[in-house]
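> no letters, just coordinates:
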């Protein structure tokens, strides 16, 4: 039985205001600049064809979807945040790319047997109130993949969150003073994040909980969602997920 991390935090991810408030911090120039290298790594790890169809689940403003489209892939990006989808569409038009962007809830949206490759990147997983809802999202992605299709996920694993845990930090970025605090929820089921941003006279103060997955837990959830095999890596180079890991990268095959 899946239990909620916190009833008070359920549904925060669907608040457009949350994402627009933090977009400048989450998607700065350095994040856009790293997209080509990330796509190179995804193609190498997945063995995906040099052309084909790509689903970017929880695509945000389209960093990776647009990079795939620029390489000739037929891309669909899906995200629940309206302003991100509009921004992605505007970028596609400006770049003269034929990428499709859909505003939808990843727990319910699917396009059965339509994609060679799916991606879920930048820790865009674990936002829902229950583990069962997380697995519903994985099942919809699995349903959208063609036979032989592959999903590549990139997130902060529970082991890394515990290893690198800090109670908070304070820094300046692009004229904004940012103060963050972090708190472990339960027995490391999740992490409560609070970000306070001061920009001139404007102050934004938001908190949310994200479910954490150990590598073995993520593998089990992917298999429960219908994937036949899952390989786990500690970085985009494909090294083992061990004590030196930088990220949890999962490659799940139909």
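Thanks, I have the structure now. Quick caveat, the model's predicted, so the values are computed rather than measured.
> domains of this structure?
7-156+213-253, 161-208 (automatic domain parsing).
> return the most buried member of these.
Using mean count of other CB atoms under 10 Å, the stretch among the domains of the chain with the largest mean neighbour count is domain 7-156+213-253, at a mean of 18. Every residue, glycine included, has its C-beta placed from N, CA and C.
> okay, the domains of the chain in TSV with mean pLDDT next?
Below are the domains of the chain laid out as TSV (pLDDT from 0 to 100):
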stretch	mean pLDDT
domain 7-156+213-253	91
domain 161-208	90
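> please enumerate the strands of the stretch 51-200 of the chain.
Assigned by DSSP state E, counting those that start in this stretch, the stretch 51-200 of the chain shows strands spanning 53-57, 74-79, 100-103, 115-120, 145-155, 168-173, 176-185, 190-199.
> which one of those lies closest to residue 219?
Checking those against residue 219 by CB to CB gives strand 145-155 as the closest, at 10.6 Å.
> and that closest one, what does it pack onto?
Applying 3 or more CB pairs under 8 Å, 6 or more residues apart in numbering; DSSP states H and E, we find strand 145-155 packed against helix 35-46, strand 115-120, helix 131-144, helix 215-224, strand 248-253.
> for the ones you listed, could you give me a markdown table that also reports distance to residue 77?
Converted to a markdown table, these look like this (distance: least, CB to CB, whole Å):
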| stretch | distance to residue 77 |
| --- | --- |
| helix 35-46 | 13 |
| strand 115-120 | 10 |
| helix 131-144 | 13 |
| helix 215-224 | 21 |
| strand 248-253 | 19 |
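> to residue 172, which of the ones you listed lies closest?
Of all the helices and strands packed on strand 145-155, it is helix 35-46 that lies closest to residue 172, at 24.8 Å by CB to CB.
> which strands and helices lie in contact with that closest one?
helix 63-70, strand 115-120, strand 145-155, strand 248-253.
> how far away is residue 52 from residue 80?
According to CB to CB, to the nearest Å, residue 52 stands 25 Å off from residue 80.
> if we can go back for a sec, would JSON lines of the strands of the stretch 51-200 of the chain with distance to residue 134 be doable?
JSON lines is the format used below for these (distance: least, CB to CB, whole Å):
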{"stretch": "strand 53-57", "distance to residue 134": "12"}
{"stretch": "strand 74-79", "distance to residue 134": "16"}
{"stretch": "strand 100-103", "distance to residue 134": "20"}
{"stretch": "strand 115-120", "distance to residue 134": "11"}
{"stretch": "strand 145-155", "distance to residue 134": "11"}
{"stretch": "strand 168-173", "distance to residue 134": "26"}
{"stretch": "strand 176-185", "distance to residue 134": "15"}
{"stretch": "strand 190-199", "distance to residue 134": "11"}
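> to residue 234, which of those strands lies closest?
Nearest of those (CB to CB): strand 145-155, 11.2 Å.
> any residues touching the closest one, and which ones?
Strand 145-155 has contacts (CB atoms under 8 Å, 6 or more residues apart in numbering) with 38, 42, 45-48, 53, 55, 113-126, 138, 141-142, 213, 218, 222, 227, 236, 247-254.
> now stretch 52-61
With contacts defined as CB under 8 Å, 6+ apart, stretch 52-61 is touched by 23, 26-27, 48, 62, 64-65, 68, 73-81, 84, 87-88, 91, 101, 106, 111, 114-122, 124-125, 137, 141, 144-146.
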